[in-house]
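Undergrad: Could you work out the structure for the sequence below:
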Amino acid sequence: MRTFFIFLFSILSLGETYENPIAPPLQEATTQYYFIRHAEKEMTDPQDRNPQLSEAGIKRTAKWAEVFEEVEFDLIYSSNYHRTMNTARAVADKQQKKIDIYDPKKLNDPEFQKKTKGKTVLVVGHSNTNPAFVNLLLGENKYQDLDESEYGSLLN
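TA: I've put the predicted structure just below:
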């Protein structure tokens, strides 16, 4: 009877702490983020706050899908704009992944951190939100807003 209680106690202990006293401690999984800005947007209507991609932008999305052929994303995030969703869609469709929406006004919230921990993540954002997001993740002000004409940068 004593052996049973010792064994049961060990299982409960292992279940609560997730540690094995015999095995070396597990290393924490690495989280890898890839940040790209949306592809070129249609600029014919300066009043349009949610434009579609231009022809050049559509071509760039196909290039992004090629660039990321060897990267298996666990999660793909986009802000809720046509230009970001369509940029993300090229990669998501090729990898048969869904696109999760993030709120650029709530960068790096605890829920995002929890959901992405230990994952490989693509984030499609904007010239100002990507650098801000990366700076929050790094805990330092390393990157400045991208120039409005810059569409090909990858931050990872």
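Undergrad: all strands of this structure, in order?
TA: Ranges of strands in the chain, per DSSP state E, are 32-37, 75-78, 99-101, 120-125, 154-155.
Undergrad: most tightly surrounded among the ones you listed?
TA: Of all the strands of the chain, strand 120-125 has the most neighbours on average by mean count of other CB atoms under 10 Å, namely a mean of 25. The way it works is simple: take the backbone N, C-alpha and C, and place the C-beta from them, glycine included.
Undergrad: Contact partners for F68?
TA: With contacts defined as CB atoms under 8 Å, 6 or more residues apart in numbering, the neighbours of F68 are Y34, V91, K94, Q95, L122.
Undergrad: If we use 6 Å, what do you get?
TA: V91 (CB atoms under 6 Å, 6 or more residues apart in numbering).
Undergrad: Backbone dihedrals for it, please?
TA: Phi and psi for F68, reported as degrees, to the nearest 10, are phi -100, psi 20.
Undergrad: which residues in this protein form helices?
TA: Assigned by DSSP state H, the helices in the chain fall at 2-17, 55-67, 82-95, 110-116, 129-138.
Undergrad: Which of the ones you listed sits closest to T30?
TA: Closest of the helices of the chain to T30 is helix 110-116, at 11.3 Å (criterion: CB to CB).
Undergrad: Could you list the low-confidence segments of this structure?
TA: Regions of the chain meeting the criterion pLDDT under 70 cover residues 1-27, 156.
Undergrad: follow-up on the earlier one: could the helices of the chain be laid out in TSV, adding mean neighbour count and distance to M43?
TA: Shown next, in TSV, are those (neighbours: other CB atoms under 10 Å; distance: least, CB to CB, whole Å):
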stretch	mean neighbour count	distance to M43
helix 2-17	9	57
helix 55-67	15	10
helix 82-95	21	11
helix 110-116	13	31
helix 129-138	19	19
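Undergrad: quick revisit: possible to save the strands of the chain as TSV with distance to L146?
TA: Formatted as TSV, the strands of the chain follow (distance: least, CB to CB, whole Å):
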stretch	distance to L146
strand 32-37	6
strand 75-78	17
strand 99-101	21
strand 120-125	10
strand 154-155	9
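Undergrad: Nearest approach to R60 belongs to which of those strands?
TA: With CB to CB, the closest approach to R60 among the strands of the chain belongs to strand 32-37: 9.5 Å.
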